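Undergrad: missing the sequence, but the structure's below:
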Ligand code: GLA
């Protein structure tokens, strides 16, 4: 069935109530960051490639105020990276003598990483509460949303000097690298920061330049189908893929794999180990599929756009090996369902979600049909209908 996600107003109320309960005064600043779904262009951001994510209605909200202590005091509830306890942490504001380091609980590392990066600007202690409606481990950027929401809170609490949105995305990515141990690309943090309502965001990850691609035709909508299989990107597979791509780029004499043409790759195929060649071929395919998808979307040629999604999935599954049985099954079922133009796994993979482009009129019946066919294969997905939302911002 279609799930409704908790709206931002309700999240903000919940966060403010928790703030009052914990700190016994009203929190002053309320900010949010959305999660994201990537329409096409996966495992190419760290290859300097093109990605096309959009912000989704699921979000993370932070409520915060400066305190009179030199401590950062942070509380969450079970909706955030919920599995590890405790739900409350406190640490000294960073200084030369007390540099911040990652530790336990894991959820707090995202915030610590942001505070560490903000460093000299964090001149006072602050209190903060974080809540979220983004499912954890679903490939919808729950971690980037905590980073970007925390950064947005610090921008509001410590007003000057303000950073550019590019610096902000890079700082959040650095927090993920240094404090969460995942060598991610820039896509998630960039779109959570910069998304515009009604548009997907085409990001050239090499130039770090973006363009808004309108996706507001009432006749189409985006379905997110959560397989329920949790993924974990700080494990070894994601870094291995990254390393293989770097190896291919070096062997092919390119700074980024995205600059390697199909012809160059084929001419030099024998120089590369078979697996490394397949990874590189995915990057070539994905670049082509993403740019074509954007053109088809602009031309409202949804049937062809859907084909690009299916080709992208095939490449991720067969060449890049980041899909799984459940995601492959959902894509196969969705691609045969009336009202679905195309579908593919989205994000890092190894579980998480499928994204589909659907005819608005048939979206609900398509979701129901996908659900019942999935159940026959012992897969119990939860689906959402989405439109592109706005990026991180202050709410009050
Ligand atoms: C994760 C990473 C992103 C990107 C995707 C795959 O979401 O955080 O940087 O590499 O996987 O496209």
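TA: Yep, that arrived. Quick caveat, the model's predicted, so the values are computed rather than measured.
Undergrad: Any idea how many residues pack against residue 21?
TA: Look at residue 21: counted by other C-beta atoms under 10 Å, it has 10 neighbours. Using the backbone N, CA and C atoms, a C-beta is placed for each residue, glycine as well.
Undergrad: how far away is it from residue 110?
TA: Look at residue 21 and residue 110: by C-beta to C-beta, to the nearest Å, they are 22 Å apart.
Undergrad: so what's residue 123 up against?
TA: For residue 123, the set of contacting residues under the criterion of C-beta atoms under 8 Å, 6 or more residues apart in numbering consists of 93, 158.
Undergrad: in a strand, that's where it is, yeah?
TA: No: under the criterion used here (DSSP: H, G, I helix; E, B strand; the rest coil), residue 123 is coil, not part of a strand.
Undergrad: Find the helix or strand that the closest residue to residue 315 other than its chain neighbours is a member of.
TA: Closest residue to residue 315 in three dimensions, ignoring its sequence neighbours and counting by C-beta to C-beta, 6 or more residues apart in numbering: residue 285, at 4.3 Å. Assigned by DSSP states H and E, residue 285 belongs to helix 274-298.
Undergrad: Buried residues of the following helix or strand past that helix, list them for me.
TA: Sequence-wise, the next helix or strand downstream of helix 274-298 (DSSP H and E) is helix 302-314. By neighbour count with 16 or more other C-beta atoms under 10 Å, helix 302-314 contains the buried residues 302, 305-314.
Undergrad: which residues sit against helix 302-314?
TA: Outside helix 302-314, the residues touching it (C-beta under 8 Å, 6+ apart) are 39-42, 220, 285-286, 289-290, 292-293, 296-297, 323, 328, 331, 335, 340-345, 355-357, 359.
Undergrad: out of those residues, which are inside helices?
TA: When these are checked against helices (DSSP state H), the matches are 285-286, 289-290, 292-293, 296-297, 328, 331, 335.
Undergrad: Take these and lay them out in JSON lines including distance to the ligand and neighbour count.
TA: Written out in JSON lines, the entries for these read as follows (distance: C-beta to the nearest ligand atom, whole Å; neighbours: other C-beta atoms under 10 Å):
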{"residue": "285", "distance to the ligand": "14", "neighbour count": "19"}
{"residue": "286", "distance to the ligand": "9", "neighbour count": "28"}
{"residue": "289", "distance to the ligand": "13", "neighbour count": "25"}
{"residue": "290", "distance to the ligand": "11", "neighbour count": "22"}
{"residue": "292", "distance to the ligand": "18", "neighbour count": "18"}
{"residue": "293", "distance to the ligand": "14", "neighbour count": "28"}
{"residue": "296", "distance to the ligand": "20", "neighbour count": "20"}
{"residue": "297", "distance to the ligand": "18", "neighbour count": "24"}
{"residue": "328", "distance to the ligand": "17", "neighbour count": "17"}
{"residue": "331", "distance to the ligand": "16", "neighbour count": "26"}
{"residue": "335", "distance to the ligand": "20", "neighbour count": "18"}
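Undergrad: Most widely separated two among the residues you listed?
TA: Longest distance between any two of the ones in helices among the contacts of helix 302-314 is 24.3 Å, between 297 and 328; criterion C-beta to C-beta.
Undergrad: which SSE is the residue in the stretch 251-396 of the chain that the ligand sits nearest to in?
TA: Distance from the ligand to each residue of the stretch 251-396 of the chain (C-beta to the nearest ligand atom) is smallest for residue 348, at 3.3 Å. Counting by DSSP H and E, there is no helix or strand that carries residue 348.
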